[in-house]
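Engineer: Prediction below, plus the sequence it came from.
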Amino acid sequence: MWLPEQTDPQTRARVARRFPHIIESAPPPFVSHAIGGIVALLEGEARDLTDIPLDFDDAVPAFHRRVYDVTRTIKPGTTLSYGEIAQRVSEPDAARAVGQALGRNPIPIIVPCHRIVGSNGDLTGYGGGMAKKQWLLGHEGGGQGRTLDLFTPR
């Protein structure tokens, strides 16, 4: 899954570059369900996307999968720190490894890595760019008040 570009044609061009032989068609029902959930979340619903099944290939390490599983439990409008995720995967000294796993997250929004903040509550790196992370968190409600003053939802 990719976050969209600024326009539909730009998004289609990006997909065509990555998959030059792809044919656009209607998505199967399980993909439509995922799309509907993501759209609802982005439109302001506090939508839980944990019912969307994930299918990781063997290239995704077991540690990353554990990080993604914990990250999926973070509800819209709330945040956890990298250290808190490390604690929850029983690797208390692995906050940096958690950051690396989230930096390789192949399924943004469904694995809501935008809900992870630094230990002091500050916004830190995000593959989609800090402006998108700030917008997503602000749109969802700010993240337990830890970073609410940073958000200016559009």
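Structural biologist: Yep, it's here.
Engineer: So which residues make contact with the longest helix seen in the chain?
Structural biologist: The helix spanning the most residues in the chain, taking DSSP state H as the definition, is helix 29-42. Under the criterion Cβ atoms under 8 Å, 6 or more residues apart in numbering, residues 26, 27, 47, 49, 51, 52, 53, 76, 109, 110, 139, 140 lie in contact with helix 29-42. The way it works is simple: take the backbone N, C-alpha and C, and place the C-beta from them, glycine included.
Engineer: Can you give me the buried ones in that helix?
Structural biologist: 34, 37, 38, 41 (16 or more other Cβ atoms under 10 Å).
Engineer: Low-confidence bits of the protein, can you list those?
Structural biologist: 142-154 (pLDDT under 70).
Engineer: How much space separates the residue sitting furthest away from the middle of the chain from residue 42?
Structural biologist: Using Cα atoms, centre = their mean, the residue of the chain lying farthest from its centre is residue 21. It sits 27.4 Å away. Look at residue 21 and residue 42: by Cβ to Cβ, to the nearest Å, they are 30 Å apart.
Engineer: try residue 96
Structural biologist: For residue 96 relative to residue 42 (Cβ to Cβ), the value is 30 Å.
Engineer: returning to that earlier point: nearest to residue 121, of the buried residues of helix 29-42?
Structural biologist: Closest to residue 121 out of the buried residues of helix 29-42 is residue 41 (22.1 Å), distances taken as Cβ to Cβ.
Engineer: Save the buried residues of helix 29-42 as CSV, and put in distance to residue 118 too.
Structural biologist: Output for these, formatted as CSV (distance: Cβ to Cβ, whole Å):
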residue, distance to residue 118
34, 29
37, 28
38, 26
41, 23
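Engineer: tell me which of the residues you listed is nearest to residue 61?
Structural biologist: Nearest to residue 61 among the buried residues of helix 29-42, with distances taken as Cβ to Cβ, is residue 34, at 23.4 Å.
Engineer: Understood, closing this out.
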